[in-house]
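Novice: Give me coordinates for this.
(chains A and B)
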Amino acid sequence: MGYLDGFRVTFKKLFEFPRLTRSYVKNEGGKREKPERLHGRHVLNRYEDGMEKCIGCELCAGVCPARCIYVRGADNPLDNPVSPGERYGFIYEINYLRCIHCDLCVEACPTEAITESKLFEFSFTNRSDAIYTKAELVVGDDGRPKQLPWEDWTDIDAVEANTSAWMRATAPNGAAEFEGIVAWAGELGYGVKPAEQGQSVDAPATPAESEPEPAEEPADDEHAGEHH
Amino acid sequence: MHLFALDPLLVGDFGWAEVGIVVLKAVFVFALLLVAVMLMIWFERKLIADMQHRLGPNRAGPFGLLQTLADGTKLFFKEDLIPDRADRKVFVLAPYLSLVPAFVTFSVIPIGGGFNGEKQGTFELFGKETYMQLADPPIGVLLVLAMSSIAVYGVMLAGWSSGSKYPLLGAVRASAQMVSYEAALGLSVVAVVLLAGSLSTHDIVLHQSGGGYGLFGDFGLPRWNIIATGIVPFVIFLIAGTAEANRPPFDLVEAEQELVGGFNTEYASIRFAFFYMAEFMNTVTLSAIIVTLFLGGPAGPTIVGPAWLWGVVWFFLKLMVFLFTFVWFRATLPRFRYDQLMNLGWKVLIPLSLGWLLLLAAIRIGDDRDWEPWIVVAASFGVLVLGWVAITAALRVGQARHAEEEAFDEGVVV
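Specialist: Below you'll find the predicted structure:
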């Protein structure tokens, strides 16, 4: 009975546990490991000596397709410089009502000052909360991002190692010969991040970085691919 | 004839006590239906989530039971929007035209009462014998059909008065679809009415109660119309009713993927909530009608305790079967294409229900006149098959001509 096969499939699904969709609660199998390159909220990094990396060049603001970044540079005060160079980011604001987390600002930044953390669970309730300024974006003295009251950090332990990391596909210009070569400066609290493996065929596989597969149903299920 | 001739409550003296009981029953049915709709929306969302391997609503209240309440409250406080190009009066009226028939239909459904022995489907309320249904007009089934016709206006006027394209398309689809399937729906109901010999829903249930069919006397098959009419009218009613209530797979009226929201695209706030409620209320009401017409309504064995309570239990058990079935339909079947919908309605369901009605009528007349039953059945079947062949042939000729004309229009030589 070709017409009625579908009814059998949907009825069978009633008794299949666990469901493919899971409750969004930590420790109940809901929250999964974050992908290594997840685009979360931004952080402004600092060098290992505590200096800010941002030089106020405004390239991030220029490249931003959503026009959500507002930067103003200023000359470093001679007696107490904020960044190692001539200028520093005097004002730095990101409007998260507009940000699309495309990471173009990260690509544009010449000093790896702005990167995206793996934190994405921040639901603010008014407009002024949505605009993150330097006070919120610059990492703390331990190199970790600053937690704001409305940010959910329940799985910070799992993502912390990647939270302020400088992540790029393979190498600064995407060429395979840069695989395994460190091309970035160290950062406060983490030091120099190890080089990335890249995606060449003969490169050794990255250990234990991939997202764990969800529990699959029995292999004999011919409809395994259709419940989405 | 009295409109309420049969309910023992309304026979004889009619005082304030009787009025009070009727009002009480009306309030009860109203509240029952509202709660039922709330639970139905939750049930549908939860069950379809299970069938699609999801979790469904689980935030508001235990198991997400209060989700509908939360949604309703939200809708209630949203901006009451009327588009500039809308026909304001009709636009405001349409949701009520959708909602009220759904309520009215439920008032003729017997939801309980002992149908075994002498009780005849009554129960005692404050010392007065009465039916466990709000009203039992002698035209009960006609009222159901009339209300389903009025519901078309709600959908149609909503789409028309919105002054916008997609709602209009939805409304056009709605009127065509609901008018088409009403014929099949009516014809399958006539089969039941023919058997019961009455249009009153109470009489129809009464006719289906009592001892069983077949070889085993009281323990045989129940005397339900689904068996007595030979299952075909039931299947037709189920399909046509699904189409009439605009439920998947016949939900072309509000096909999200094609028409945004269909007839209710321009509606917001509490008016949208009315449409949403009417939709699910129709599902509950439709299931209740099917149970009443074909599955004996509250009729069933009394095991222990008061008979009227068992009537309620049987009614809701049967109701649940159909509520489940409708959600199951939705989870399983993809939406019909418009021409498929029309083909199914006009070329399959209407001829089939008409033919089956003739068969049942022939058997009935043969019974009255003591004709040999086997000859009657054989002859009727012969006529039906002949009719079917004739229709199929006619359709094939029509299609061939149509194809020829199209080929001619396109300049192709056949």
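Novice: Kindly report the residues of chain B close to chain A.
Specialist: Within chain B, the positions near chain A by CB under 8 Å from any CB of the partner chain are B:47, B:49-55, B:58, B:328, B:331-333. Backbone N, C-alpha and C define where each C-beta goes, glycine included.
Novice: What is the burial count for residue 109?
Specialist: Answering for chain A, as no chain was given. Using other CB atoms under 10 Å in any protein chain shown, A:Cys109 is surrounded by 21 other residues.
Novice: look at chain B instead
Specialist: Neighbour tally, B:Ile109, other CB under 10 Å: 28.
Novice: For it, grab phi and psi.
Specialist: phi -90, psi 120 (degrees, to the nearest 10).
Novice: Spatially, what comes nearest to it if we skip its sequence neighbours?
Specialist: With sequence-adjacent residues excluded and distances taken as CB to CB, 6 or more residues apart in numbering or on different chains, B:Ile109 is closest to B:Ala288, at 4.5 Å.
Novice: measure that neighbour to B:Gly112 for me?
Specialist: 12 Å (CB to CB, to the nearest Å).
Novice: now, the most widely separated pair of the residues of chain B next to chain A?
Specialist: The two members of the residues of chain B next to chain A with the most space between them (CB to CB) are B:Asn58 and B:Leu333, at 26.0 Å.
Novice: Assign a three-state SS to the closest residue in space to A:Tyr132 that isn't next to it in sequence, would you?
Specialist: Nearest in space to A:Tyr132, with sequence neighbours left out and distances taken as CB to CB, 6+ apart, is A:Ile94 at 5.0 Å. In three-state terms, and counting by DSSP: H, G, I helix; E, B strand; the rest coil, A:Ile94 is strand.
Novice: Reduced to three states, what does B:Val385 come out as?
Specialist: Of the three states, B:Val385 takes helix according to three-state DSSP.
Novice: do you know how far it is from chain A?
Specialist: 23 Å (CB to the nearest CB, to the nearest Å).
Novice: Can you check what pLDDT the model gives that residue?
Specialist: Looking at B:Val385, its pLDDT is 90.
Novice: just to revisit the earlier point, can you count the residues close to the residue nearest to A:Tyr132?
Specialist: A:Ile94 is flanked by 26 other residues according to other CB under 10 Å.
Novice: sorry, back to before: so among the residues of chain B next to chain A, where is pLDDT lowest?
Specialist: Confidence by pLDDT is poorest for B:Asn58 among the residues of chain B next to chain A, given 83.
Novice: Counting neighbours, what do you get for that one?
Specialist: Neighbour tally, B:Asn58, other CB under 10 Å: 15.
Novice: doesn't it fall inside a helix?
Specialist: No: counting by three-state DSSP, B:Asn58 is located in no helix; its state is coil.
Novice: Give me the distance between the nearest residue to it once chain neighbours are set aside and chain A.
Specialist: Take B:Asn58 and drop its neighbours on the chain: the residue closest to it by CB to CB, 6+ apart is B:Gly64, 4.4 Å away. Look at B:Gly64 and chain A: by CB to the nearest CB, they are 11 Å apart.
Novice: how about A:Lys118, secondary structure?
Specialist: Relying on three-state DSSP, one would call A:Lys118 coil.
Novice: how much space between it and chain B?
Specialist: A:Lys118 sits 24 Å away from chain B, going by CB to the nearest CB.
Novice: ok, now A:Ala66?
Specialist: A:Ala66 is 27 Å from chain B, by CB to the nearest CB.
Novice: And for A:Asp155?
Specialist: From A:Asp155 to chain B the distance is 20 Å (CB to the nearest CB).
Novice: Equivalent analysis for A:Ala74, please.
Specialist: Distance, A:Ala74 to chain B, by CB to the nearest CB: 45 Å.
Novice: ok, back up a step: and the residue nearest to B:Ile109, how many residues sit next to it?
Specialist: Count around B:Ala288 with other CB under 10 Å applied: 27.
Novice: Can you list the buried residues in the helix or strand it falls within?
Specialist: Assigned by DSSP states H and E, B:Ala288 belongs to helix B:269-294. Buried residues in helix B:269-294, counted by 16 or more other CB atoms under 10 Å in any protein chain shown: B:269, B:271-294.
Novice: where in the chain is pLDDT low?
Specialist: Answering for chain A, as no chain was given. For chain A, the stretches with pLDDT under 70 are A:1, A:25-30, A:161-179, A:196-228.
Novice: if you could check chain B rather than the one you did, that'd help
Specialist: B:1-12, B:116-121, B:210-221, B:412-414.
Novice: just the helices in it please.
Specialist: For chain B, applying DSSP state H gives helices covering B:16-51, B:67-76, B:88-106, B:140-161, B:165-196, B:201-208, B:225-228, B:232-244, B:256-259, B:269-294, B:307-332, B:338-343, B:350-368, B:373-409.
Novice: Chain A now?
Specialist: A:5-13, A:59-63, A:104-108, A:127-130, A:134-137, A:156-163.
Novice: just how off-centre is the third one within its chain?
Specialist: Its chain's C-alpha centre and that of helix A:104-108 lie 13 Å apart, by CA atoms, centre = their mean, to the nearest Å.
Novice: cool, the first one as well?
Specialist: Relative to the mean C-alpha coordinate of its chain, helix A:5-13 is positioned 40 Å out (CA atoms, centre = their mean).
Novice: and that helix, C-alpha only, in PDB?
Specialist: Taking C-alpha atoms only, helix A:5-13 is exported to PDB below (Å, rounded to 0.1, in the frame of the first residue of the first chain):
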ATOM      1  CA  ASP A   5       3.500   3.900   4.000                       C
ATOM      2  CA  GLY A   6       3.900   7.500   5.100                       C
ATOM      3  CA  PHE A   7       1.600   6.900   8.000                       C
ATOM      4  CA  ARG A   8       3.700   4.000   9.200                       C
ATOM      5  CA  VAL A   9       6.800   6.200   9.200                       C
ATOM      6  CA  THR A  10       5.300   9.100  11.200                       C
ATOM      7  CA  PHE A  11       3.800   6.600  13.600                       C
ATOM      8  CA  LYS A  12       7.100   4.900  14.200                       C
ATOM      9  CA  LYS A  13       8.700   8.200  15.000                       C
END
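Novice: For it, name the packing helices and strands.
Specialist: helix B:16-51, helix B:307-332 (3 or more CB pairs under 8 Å, 6 or more residues apart in numbering or on different chains; DSSP states H and E).
Novice: Any chance of those in JSON lines with mean neighbour count as columns?
Specialist: Listed next are the helices and strands packed on helix A:5-13 as JSON lines, based on neighbours: other CB atoms under 10 Å in any protein chain shown:
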{"stretch": "helix B:16-51", "mean neighbour count": "16"}
{"stretch": "helix B:307-332", "mean neighbour count": "19"}
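Novice: In this structure B:Ala36 contacts B:Val284, no?
Specialist: Yes: with contact defined as CB atoms under 8 Å, B:Ala36 and B:Val284 form a contacting pair (5.2 Å).
Novice: number of nearby residues for the closest residue to B:Phe91 other than its chain neighbours?
Specialist: Closest residue to B:Phe91 apart from its sequence neighbours, by CB to CB, 6+ apart: B:Ser161 at 4.3 Å. For B:Ser161, the count of nearby residues is 25 (other CB under 10 Å).
Novice: The one 5 residues further on too?
Specialist: The tally of other residues near B:Tyr166 (other CB under 10 Å) stands at 20.
Novice: who are the neighbours in contact with it?
Specialist: Contacts for B:Tyr166 (CB atoms under 8 Å, 6 or more residues apart in numbering or on different chains) come out as B:Leu259, B:Val260, B:Gly261, B:Gly262, B:Thr265.
Novice: contacting residues for B:Leu66?
Specialist: Here B:Leu66 is in contact with B:Ala60 (criterion: CB under 8 Å, 6+ apart).
Novice: Which neighbours do B:Ala288 and B:Gly112 have in common?
Specialist: Joint contacts of B:Ala288 and B:Gly112 (CB under 8 Å, 6+ apart) are B:Phe315.
Novice: In contact with B:Ala49, which residues?
Specialist: When contacts are counted by CB under 8 Å, 6+ apart, B:Ala49 touches A:Thr21, B:Leu55, B:Gly56, B:Pro57.
Novice: Chain neighbours aside, what residue packs nearest to the third one?
Specialist: To tie it back to what came earlier, the one meant is B:Gly56. Closest residue to B:Gly56 apart from its sequence neighbours, by CB to CB, 6+ apart: B:Ala49 at 3.0 Å.
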